[in-house]
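**Q** My questions concern the predicted model and sequence given below.
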Amino acid sequence: MRWLRRAGIALLTVVVLVLAASGLYLAWDDLAPVRVAVDVPGATVDAAGVPTHVEHWPALRPSGRPPLVLVPGFAESTYVFSRLAPRLAADREVYAYDVRGYGFTAHVPPYDLPADTDQLAGLISALHLTRPVVLGHSSGVAVALSLALRDPAAVSGVVAANGDGTPYFGADRTTPGGGGGLRTVLTLPPVGPAVVTAIVRHRGPVRSLVGSQCGPGCPVDDAAIDRWRAPFLTPGGVTALLAIARQPLIGLTDDEERRLQVPVAIVFSELDTSFDRDAAAAMAERVRTPLVAGLPGARHLALLGDPERFAAAVTPLLDRLG
């Protein structure tokens with residue numbers, strides 16, 4: 001009993017010290033915040049009540065093909081499409097936007113799939129687009145598929161890039177991801193905000209994270225890393241990220257994907273640990289599509305690290321969807 005009492009006191013002391021250190025760090029960050037000035041192209045439009053940052057790449061050779069809307073994934077912004085979008089705009093209008101809570105879009109909760117779907121539908125309406133193809137990357141696939149399920153007439157097709165649009169893990173497809181348990185505890189104040197703030201204040205950790213997911217062709221110079229950091233260094237950026245991280249992962253169920261009536265194409269990277277060849281094949285069976293393209297040797301952020309090869313893989317799929 002004496003040993004247990006001492007262990008409990010030691011544990012409580014550690015917890016108190018961690019909480020105190022986190023609080024002090026955040027107080028210091030408030031007094032000496034880091035702000036990164038980056039050149040962010042684009043404009044802000046009202047998308048279902050959400051001030052939304054959007055970028056536009058006009059078609060170099062207009063062909064009458066449906067426009068393309070690009071949806072970034074978790075903790076991503078339009079920057080993730082900055083090297084890919086000009087290549088896809090050879091013969092069609094291309095747009096990319098920041099999902100609510102990310103990038104330079106307003107931090108407007110709730111951060112859930114219905115609200116994200118409303119934003120995408122509102123953006124298409126605000127831009128006066130007629131049945132675009134929607135390409136989602138990573139968790140952005142869920143937003144694209146959700147709109148296609150809700151309103152099939154709103155889109156010409158969906159491209160699922162490096163994600164299957166579901167929130168499930170495991171071979172039995174029954175374990176929902178995100179939210180609850182340890183993940184919720186770790187994202188709560190003051191520890192969660194202190195850890196994330198410490199990461200985004202410095203280029204080194206962000207450079208390592210991006211490099212590990214992007215591969216050798218990824219831009220990791222200071223200017224590129226600042227494009228990743230800048231949204232989280234704006235007021236409310238870290239708070240919004242952690243609020244999203246506390247929620248269950250957005251996504252459709254397998255049965256909902258089987259009910260999709262719009263054409264779907266799939267792009268995967270062979271070295272992507274979250275969406276590999278097997279995951280792509282399983283999704284292709286659920287959505288009944290033969291339109292699948294793989295990138296050998298590529299990682300999760302291949303669209304940024306290897307945009308030329310990614311564009312070469314996705315362009316024929318877009319033509320088929322259009």
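**A** Nice, thanks for sending it over. Numbers count the residues shown, from 1 in each chain.
**Q** Toward the C-terminus, what is the element adjacent to the one helix or strand Leu17 maps to?
**A** For Leu17, the element it lies in under DSSP states H and E is helix 2-31. Counting by DSSP H and E, the next helix or strand C-terminal to helix 2-31 is strand 43-47.
**Q** Buried residues of the helix or strand that comes right after that following strand, list them for me.
**A** Counting by DSSP H and E, the next helix or strand C-terminal to strand 43-47 is strand 50-57. In terms of neighbour count (16 or more other CB atoms under 10 Å), strand 50-57 has its buried residues at Val50, Thr52, His53, Val54, Glu55, His56, Trp57. From N, CA and C alone the C-beta is placed, and that goes for glycine too.
**Q** now do stretch 213-222
**A** Using 16+ other CB under 10 Å as the test for burial, stretch 213-222 gives Gln213, Cys214, Gly215, Gly217, Cys218, Pro219, Val220.
**Q** Give the rounded mean pLDDT of that stretch.
**A** Stretch 213-222 shows a mean pLDDT of 91.
**Q** Please save the CA atoms from it in PDB.
**A** Written as PDB, here are the backbone C-alpha positions of stretch 213-222 (Å, rounded to 0.1, in the frame of the first residue of the first chain):
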ATOM      1  CA  GLN A 213       4.400  11.400 -46.500                       C
ATOM      2  CA  CYS A 214       5.500  13.100 -49.600                       C
ATOM      3  CA  GLY A 215       8.700  11.500 -50.900                       C
ATOM      4  CA  PRO A 216      11.900  12.800 -52.400                       C
ATOM      5  CA  GLY A 217      10.200  15.000 -54.900                       C
ATOM      6  CA  CYS A 218       8.400  17.100 -52.400                       C
ATOM      7  CA  PRO A 219       9.200  20.800 -51.800                       C
ATOM      8  CA  VAL A 220      10.600  21.100 -48.300                       C
ATOM      9  CA  ASP A 221      12.400  24.500 -48.500                       C
ATOM     10  CA  ASP A 222      11.500  27.100 -46.000                       C
END
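**Q** can you map out the strands along the chain?
**A** 43-47, 50-57, 68-71, 94-97, 133-137, 157-161, 168-169, 175-176, 264-269, 292-295 (DSSP state E).
**Q** who does the second one pair up with?
**A** Meaning strand 50-57. strand 43-47 (antiparallel), strand 94-97 (antiparallel) (DSSP bridges).
**Q** Out of those strands, which is the most enclosed?
**A** Among the strands paired with strand 50-57, ranked by average contacts under mean count of other CB atoms under 10 Å, first place goes to strand 94-97 (a mean of 27).
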